[in-house]
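next comes the sequence, and after it the predicted model I'd like to discuss.
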Amino acid sequence: MDLKKVKISGIGKAVPERIMTNDDLAKIVDTSDEWITQRTGIKERRVSDDKTATSDLCIRAAEDAIKMSGIDKDEIDFIIVGTVTPDYFFPSTAGIVQKALGIGKCAILDIEAGCSGFLYALAVARRFIAFGGYRHILAIGAETLTKIINWEDRNTCVLFGDGAGAAVLSPADSESCILSDALSGNGNLGDLLIMHGGGSRNPISQKILDDKSATICMENGRDIFKNAVVSMYDMAHETLNIAGVTTEDVKWLIPHQANLRIMDSVIKKLGIEKEKLLVDLEKYGNTSAASIPITLTDFVENGTIKKGELVLLVAFGAGFTSAGTLLRW
Ligand code: ACO
């Protein structure tokens, strides 16, 4: 079967206006700019207001991505949203985006793969186009994690921020295309990063609200750290091997932006020069599924990533999930 090549034809991002600095956080919990900067590399993050839900950020990012792709919005035949902070359990955030964008007939799907959500969305979208029948697919990674943070827990509240990044995927007619991808998961590590309350295991109750268990729970940051490094290293190699290229060939690496020390460990293990590592974590914190498309958009917009260059994206996330995508921009 002749599979079609697939490219990213447009990208865009959206973040809330409100900036929360490390010093702002130090007024809420026992922490400091020095601790957060040294341990994570984060300086500030964006926090959405009460009126803003995940879909609102998706829509803004998607509009930019569609504009850059040059297609008409009605040519989109599938919307996929990677998120762990959907507007509702149901309907899907993808459906809310479809309605807001005024797109008539298209397939809609939310993917729950934690911080790997955007790369999972890209992998699914790529196959739908490659096999034919679908031409233009909107793949989005978006979160409003600050809505599920326990603001009394300094272990977690300093890490996360809100945002969205979107990509339009289309059939490729040149060398600029997705070259390979790989997905993985390890449910045995699911407890490392978990929201205990609010789902069918522990439905919303007064107790859930009182003990704040409908918020992000991360009891062992060090274990996450170790597994993040190993899984992103593995995914990077798997993705490169499938494409038949080496780390030497890679011009830019965009890992999931969770923590600068994790990213530093990954490039050391991979033997990739620091100059190739693209980071904007200091501005946004960990935006989970949104982090990779936001970083990609920033570095394409500022001219760093140029046409024809090889860009490797790697992610890890709650689940535990991990993923890699290699593309020629
Ligand atoms: N401010 C000040 N002190 C703090 C804070 C804070 N915000 N948070 C924790 N501490 C304290 C701890 O209580 C501990 O104190 P103690 O020694 O008195 O017990 C001390 O700092 C050291 O804590 P450690 O956990 O040993 O610190 P570590 O160097 O491991 O850094 C961190 C913690 C930043 C969480 C690190 O483990 C990490 O980055 N892990 C990965 C976590 C992560 O990225 N999670 C989210 C990503 S998952 C995803 O994106 C899907």
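Sure, I can see it.

tell me the buried residues in the helix or strand hosting residue 120?
Residue 120 belongs to helix 117-130 when assigned by DSSP states H and E. Using 16 or more other C-beta atoms under 10 Å as the test for burial, helix 117-130 gives 117-126, 128-130. All C-beta atoms are positioned from the backbone trio N, CA, C, and that covers glycine.

pick the one among these closest to residue 188.
Ranked by distance to residue 188 (C-beta to C-beta), the buried residues of helix 117-130 are led by residue 120 at 18.7 Å.

so what's the closest one closest to, chain neighbours aside?
residue 113 (4.1 Å; C-beta to C-beta, 6 or more residues apart in numbering).

just residue 204 next, same as before
residue 198 is the one closest to residue 204 (C-beta to C-beta, 6+ apart), at 5.5 Å.

give the contact list for that neighbour.
204, 208, 213-214 (C-beta atoms under 8 Å, 6 or more residues apart in numbering).

so what's the backbone phi/psi at it?
Per-residue torsions, residue 198: phi 100, psi -20 (degrees, to the nearest 10).

so how many other residues sit close to the closest residue to the ligand within the stretch 1-150 of the chain?
Per C-beta to the nearest ligand atom, residue 31 is where the stretch 1-150 of the chain lies closest to the ligand, at 3.2 Å. By other C-beta atoms under 10 Å, the residues close to residue 31 number 18.

that one is in what secondary structure piece?
According to DSSP H and E, residue 31 maps onto no helix or strand at all.

what pLDDT does residue 329 get?
With respect to pLDDT, residue 329 has a value of 98.

am I right that it is in contact with residue 309?
Yes - the pair residue 329 / residue 309 is scored as a contact, 5.2 Å apart, by C-beta atoms under 8 Å.

the two: which is more packed in?
Higher neighbour count among residue 329 and residue 309: residue 329, with 18 against 14, using other C-beta under 10 Å.

quick revisit: save the contacts of residue 198 as CSV, and put in secondary structure too.
Listed next are the contacts of residue 198 as CSV, based on DSSP: H, G, I helix; E, B strand; the rest coil:
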residue, secondary structure
204, coil
208, helix
213, coil
214, coil
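
farthest pair in these?
Greatest spatial distance in those: 204 and 213, 10.0 Å, computed using C-beta to C-beta.

shared neighbours, the two?
With C-beta under 8 Å, 6+ apart as the test, residue 204 and residue 213 both reach 197-198.

who's more crowded, those two?
Between residue 204 and residue 213, residue 213 has the larger neighbour count (other C-beta under 10 Å), namely 17 against 11.

dump the residue contacts of that one.
Neighbours of residue 213 in contact, by C-beta under 8 Å, 6+ apart: 195-198, 202.

how about 6 Å then?
196-197 (C-beta atoms under 6 Å, 6 or more residues apart in numbering).
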